[in-house]
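The sequence and its predicted three-dimensional model are supplied below.
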Amino acid sequence: GGSVDPMSFINDPRDMFLLCESVQLPGKRIATMESFSTHKAKKKPYSYLVDEVTFTFILTNDYYARKFFDEWQNMVISQDTLKLNYKSDYVSDITIQQLSSSNDIIPAYSVKLKNAFPIAVNAIELSNSIENSLLQCSVTVSFDDWESVGILDGFMDLVGQAGSLVKNTIGQVKNFF
């Protein structure tokens, strides 16, 4: 009945790490061009390139992950007005963390995708033949660059996000009353 507030998803994505089934860690490639000296071609570097990253999320009955990324894409280009917003209004850093073991909360390796935004939310197949299987949603994200985050920095990001979640929840409770 009511409209969806995209900020409710962006400010409180508490379940996204639980719903993420797979993701690739990003890579970097060195772009080269051919240079000729004494009739022999040699590769000369001139820049580097980063690939997009694809996440696969398990969908819950309320399609939380799908709605999250649909609303984020709507922040890039409004589906109603076709207005393209400023990049600073829709990008966000995304941290990908590989935990050191299944019982540990300290990341073994972390990367931060800088100025990321979703460029593709793939179709979801609905079928009677996929009985007893989980629905999944794949999302491709573009970003400006990425950096490796140290183990302590990755843990502090985790603590900071938990603190922000508590602060946002307290603020929402105060606004309710």
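Noted; the coordinates are in hand.

Every contact and neighbour count from this point should use C-alpha atoms.
Will do.

Can you find the helix or strand of the chain with the lowest average pLDDT?
Of all helical and strand segments in the chain, the minimum by mean pLDDT, DSSP states H and E falls on helix 6-10, at a mean of 50.

in the next helix or strand along the chain from it, what's buried?
Next helix or strand after helix 6-10 toward the C-terminus (DSSP states H and E): helix 16-19. Across helix 16-19, burial judged by 16 or more other CA atoms under 10 Å covers Leu19.

before we move on, what about stretch 68-88?
68-77.

biggest strand in this protein by residues?
strand 107-121 (DSSP state E).

Note down every partner strand of the following helix or strand past that strand and its orientation.
Next along the chain after strand 107-121, taking DSSP H and E as the criterion, comes strand 136-142. With DSSP bridges as the test, strand 136-142 is paired with strand 53-58 (antiparallel), strand 107-121 (antiparallel).

Among those, which comes closest to Ser100?
Closest of these to Ser100 is strand 107-121, at 4.5 Å (criterion: CA to CA).

Touching the closest one from outside, list them.
25, 66, 69-70, 72-73, 90-100, 137-151, 154-155 (CA atoms under 8 Å, 6 or more residues apart in numbering).

What separation do you get for the residue of the chain most remote from its centre and Tyr90?
Within the chain, Thr38 marks the point farthest from the mean C-alpha position, 47.4 Å out by CA atoms, centre = their mean. Per CA to CA, to the nearest Å, Thr38 is found 50 Å from Tyr90.

what do you get for Phe143?
12 Å.

Kindly report the same for Ala116.
8 Å.

between those two, who's got more neighbours?
Ala116 (21 against 17; other CA atoms under 10 Å).

and Lys28, what does it touch?
Counting by CA under 8 Å, 6+ apart, Lys28 has contacts 48-51.

Check Val139 too.
Counting by CA under 8 Å, 6+ apart, Val139 has contacts 54-57, 69, 118-122.

go on, Ser148?
Applying CA under 8 Å, 6+ apart to Ser148 gives the contacts 109-112.
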